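Engineer: Structure, please.
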Amino acid sequence: MALVTIIIPTINRAKLVQRAINSIYEQNLEEEIEVYVIDSSRNDETKNICEIIPVKKNRKLTYVKNENSKNPIDNYIVGSEYINGQYSKFLCDDDWLEPDFLRESIDVMEKNNAACTISNINVIISSHNKEERKNNYYKINNGEVGLSDIYDFIFKGKSIPTTDSASLMKASKLKEAFFNSLKNTECSKLQYGFDFYINYYPVFDSSKTFHLNKSLVNSWAGEDSLTVNAKMSRISYCNFFALISLIDLFKVTIEEKTKELIEHKFSIIRFKGIFSNRLKILIPETSYKSKIKISLLFKGVIKKIYIKFKYLIKT
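Structural biologist: Predicted structure coming up:
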């Protein structure tokens, strides 16, 4: 059995997949790593790339063609069947790992008996043949992630990594978290919110997620990437729905203040859903009521005005 299994879901990105695979092959880890490329492309370019990648000791590459992909999440679902080894992860086809990613992530997990480690990332923005690199993209500290960190992310906009490319998990925990994430059906179909869900699932079941404030992953933000083209408000809403799902799944006791924040946010989203059917279909059934809190609404308006004013000064 391989020590690590890495699944790369992909579509029409042969050259980028090659970069991702090469970064896995170059890991400073002598133990066996197996890679599964799950491809729903309409051509054989990715398959051909996988066939010409040289064989390397303790590295195993398997190509899987997915002929029945209808939604962005489908390659992940097929790939989840291959989650194996002691540790496992998904890697976005346009991202790549630094050579020490696996070794340092495993060290943190073993020292802290943790189910998941999430590293900081470098973001590479590519547009019109120009690249801008933003190192250490997130402001995080080394250490265990708590519920307060999650609440600050959802309700206060705290910066934490959510991409599945940045995380490594115990294989059994990844499988458990991934299949539970699919319950948030409409968001998960679009690959919204599920990565946040699986990365921070161990926070809720007490198997522990740790942040590693070292950029061991490179996230490519090209013109056709989800990072660039996704509507960030919808991702934010789906992260919120994922939080609610986790709270309900693990029957987390929430304080009255947190309950107010949940009900207020639901009321805002439901109101916006009246004018947007695309948003409306993402909203899950829930027992939480919609309840506007005027003080929170006022703070939100002031914050938006401040951000716009700050942007105008900079420009």
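Engineer: how far away is Met1 from Glu32?
Structural biologist: Per C-beta to C-beta, to the nearest Å, Met1 is found 8 Å from Glu32. Using the backbone N, CA and C atoms, a C-beta is placed for each residue, glycine as well.
Engineer: Between the two, which has more neighbouring residues?
Structural biologist: Neighbour count, other C-beta atoms under 10 Å: between Met1 and Glu32, Glu32 has more, with 15 against 9.
Engineer: now the strands for the stretch 151-300 of the chain?
Structural biologist: Under the criterion DSSP state E, counting those that start in this stretch, the stretch 151-300 of the chain contains strands at 167-170, 209-221.
Engineer: Identify whichever of the ones you listed lies nearest to Asp95.
Structural biologist: Shortest distance between Asp95 and the strands of the stretch 151-300 of the chain, using C-beta to C-beta, is found for strand 209-221: 5.1 Å.
Engineer: Give the pairing partners of the closest one; include direction for each.
Structural biologist: Using DSSP bridges, strand 209-221 pairs in its sheet with strand 95-97 (antiparallel), strand 116-127 (parallel), strand 143-144 (antiparallel).
Engineer: any idea of the pLDDT on Lys304?
Structural biologist: The model reports Lys304 with a pLDDT of 52.
Engineer: do Lys70 as well
Structural biologist: For Lys70, the predicted pLDDT is 85.
Engineer: same question, the one 10 residues further on
Structural biologist: pLDDT, Ser80: 97.
Engineer: just for this protein, where's the confidence low?
Structural biologist: Applying pLDDT under 70 to the chain picks out residues 223-230, 291-315.
Engineer: Tell me how it divides into domains.
Structural biologist: Domain assignment for the chain by automatic domain parsing gives 4-232, 253-314.
Engineer: Buried deepest among those, which one?
Structural biologist: Between the domains of the chain, domain 4-232 has the highest mean count of neighbours, a mean of 18, where neighbours are mean count of other C-beta atoms under 10 Å.
Engineer: what's the distance between Asn112 and Lys65?
Structural biologist: Distance of Asn112 to Lys65, given as C-beta to C-beta: 39 Å.
Engineer: again, but for Thr10
Structural biologist: Using C-beta to C-beta, Thr10 is found at 11 Å from Lys65.
Engineer: Could you pull out the residues contacting both of those two?
Structural biologist: Asp39, Ser40 (C-beta atoms under 8 Å, 6 or more residues apart in numbering).
Engineer: Out of the domains of the chain, which is closest to Ile244?
Structural biologist: Nearest of the domains of the chain (C-beta to C-beta): domain 253-314, 6.1 Å.
Engineer: any idea how far Arg133 lies from Ile124?
Structural biologist: 5 Å.
Engineer: what do the two both touch?
Structural biologist: The overlap between the contact sets of Arg133 and Ile124 (C-beta under 8 Å, 6+ apart) is empty.
Engineer: Dump the domains of the chain into TSV; add distance to Ser245 as well.
Structural biologist: Formatted as TSV, the domains of the chain follow (distance: least, C-beta to C-beta, whole Å):
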stretch	distance to Ser245
domain 4-232	5
domain 253-314	8
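Engineer: among these, which is nearest Ile247?
Structural biologist: Minimum separation from Ile247 across the domains of the chain (C-beta to C-beta) falls at domain 253-314, 6.4 Å.
Engineer: hang on, isn't Ile198 packed against Lys170?
Structural biologist: No. Taking contacts as C-beta atoms under 8 Å, Ile198 lies outside contact range of Lys170: 11.8 Å.
Engineer: Would you map the helices across the protein?
Structural biologist: Taking DSSP state H as the criterion, the chain carries its helices at 14-25, 45-52, 74-80, 101-112, 147-156, 171-181, 185-189, 194-204, 226-229, 232-249, 256-273, 277-280, 294-314.
Engineer: Asp164: which of these is closest?
Structural biologist: Proximity to Asp164 (C-beta to C-beta) singles out helix 194-204 among these, at 4.3 Å.
Engineer: From the chain's centroid, how far away is that closest one?
Structural biologist: The chain centroid and the centroid of helix 194-204 are separated by 9 Å, computed with C-alpha atoms, centre = their mean, to the nearest Å.
Engineer: what residues does it touch?
Structural biologist: Residues from elsewhere that reach helix 194-204, judged by C-beta under 8 Å, 6+ apart: 73, 76, 114-116, 118, 145-147, 149-150, 161-164, 166-167, 169, 173-174, 176-178, 180-182, 184, 187-188, 208-209, 239, 242-243, 245-247, 249-250, 252.
Engineer: Perfect, I'm done here.
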